[in-house]
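> Return a 3D structure for these sequence lines:
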Amino acid sequence: MSSSYSIELDSTLTPAPVSAALIWGAGIAPPQPTEKPPAFLSAVLAEAERAGVTFVSEEIRSRVRNMLRFGKYRPSGRRKPASEFLLRAAVERAFPLINGPVDVNNAISLESGFPGSLFDGEVSGRSLLLRRGRAGEAYVFNPSGQTIDLEDLLLVCRETDSGWEPCGNPVKDSMKTKICETTRVVVAVLYSPPDEPIGQVETWASRYAELLAGHCEAEETGFVIAA
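The predicted structure follows:
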């Protein structure tokens, strides 16, 4: 049923700065707080702890940062891609355990080195758009009300009555579309550099979908690649 889910590149994104996969899982089990790492995550964490920051090569980290570097946006400090924060957390044995879908997202992001966004599909909708942030755009990304400046940052937008509204990016996602205990449909975006072989992007997206089915009990899963 891939035709019911879609992700498109805005016409201004030429050449394409990203190869993005949209992954979904419908009919998931109610997300519950994670008390201990599931087996698929434990294995990745153990490898990362042994290898240190070299678990994700500098070449991949550099390519991901270059994917975000544009105009005024510089992927440094707190503006680094989420995948780098996850790598550091794994190496320092401080990896966040949240709930089933978030754990899947974080495991794939850590292992691949690519950042990911995760949304409540009933809030984000099934059709998403990738574009750059505009001057003055921002959104709240945590319960404390902190905001992130979105100008020139690569964004995922959801369709609303007033147009395309930013809801996620490779650094921080919007509070509006984050999943909660009532979420039953999840939609995710995995951001990989534009020169990443399409077969590899599909492999990670397929693995993501498999974990949503096996770990989160999704009744329907699938993925499409942005075009």
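> pLDDT (mean, whole number) over the longest helix seen in the chain?
Looking only at the chain and at elements set by DSSP state H, the helix with the highest residue count is helix 198-214. Helix 198-214 shows an average pLDDT of 98 in the prediction.
> ok, and what's touching it?
Helix 198-214 is contacted by residues 19, 21, 23-25, 28, 40, 101, 104-105, 107-108, 112, 114, 116, 186, 188, 190, 192, 218, 221-223, 225 when judged by C-beta atoms under 8 Å, 6 or more residues apart in numbering. In short, each C-beta sits where N, CA and C put it, glycine included.
> What score does the residue nearest to residue 73 when sequence neighbours are not counted have for pLDDT?
The shortest distance from residue 73 to any residue that is not its chain neighbour, by C-beta to C-beta, 6 or more residues apart in numbering, is 4.0 Å, and that residue is residue 152. At residue 152 the predicted local distance difference test score is 98.
> go on, residue 221?
Among the per-residue scores, residue 221 holds a pLDDT of 98.
> what about it, how many neighbours?
Summarising burial for residue 221: neighbours were counted as other C-beta atoms under 10 Å, giving 22.
> Confirm that it sits in a strand.
Yes. Counting by DSSP: H, G, I helix; E, B strand; the rest coil, residue 221 is located in a strand.
> Just give me the neighbour total for residue 45.
Residues contacting residue 45 under the criterion other C-beta under 10 Å number 21.
> again, but for residue 80
Residue neighbour count, defined by other C-beta under 10 Å, stands at 20 for residue 80.
> Backbone torsions only: list them for it.
Recorded main-chain torsions at residue 80 are phi -70, psi 160, according to degrees, to the nearest 10.
> Cross-check the contact I'm expecting between residue 60 and residue 113.
Yes. With contact defined as C-beta atoms under 8 Å, residue 60 and residue 113 form a contacting pair (4.1 Å).
> Can you name the helix or strand that the residue nearest to residue 73 falls in?
Counting by DSSP states H and E, there is no helix or strand that carries residue 152.
> Could you find the closest non-adjacent residue to residue 131?
Once chain neighbours are set aside, the closest to residue 131 by C-beta to C-beta, 6+ apart is residue 10, at 3.7 Å.
> so how many other residues sit close to that neighbour?
13.
> so who does it touch?
Shown in contact with residue 10 (C-beta under 8 Å, 6+ apart): 129-132.
> quick one: the helices in this protein?
Assigned helices in the chain, in chain order: 39-51, 58-68, 82-91, 100-112, 121-124, 198-214 (criterion: DSSP H).
> State the pLDDT value of residue 227.
Confidence at residue 227, expressed as pLDDT, is 75.
> Would you confirm that it contacts residue 16?
No. Taking contacts as C-beta under 8 Å, residue 227 lies outside contact range of residue 16: 9.2 Å.
> for the residue nearest in space to the middle of the chain, what are its contacts?
In the chain, the C-alpha nearest the mean C-alpha coordinate belongs to residue 116, at 1.5 Å (C-alpha atoms, centre = their mean). If you count contacts by C-beta under 8 Å, 6+ apart, residue 116 has them with 82-83, 105-106, 108-109, 170, 188-191, 208.
> what's the nearest residue to residue 149 if we skip its chain neighbours?
residue 138 (5.3 Å).
> Next up, the contacts around that neighbour.
When contacts are counted by C-beta under 8 Å, 6+ apart, residue 138 is found next to 147-150.
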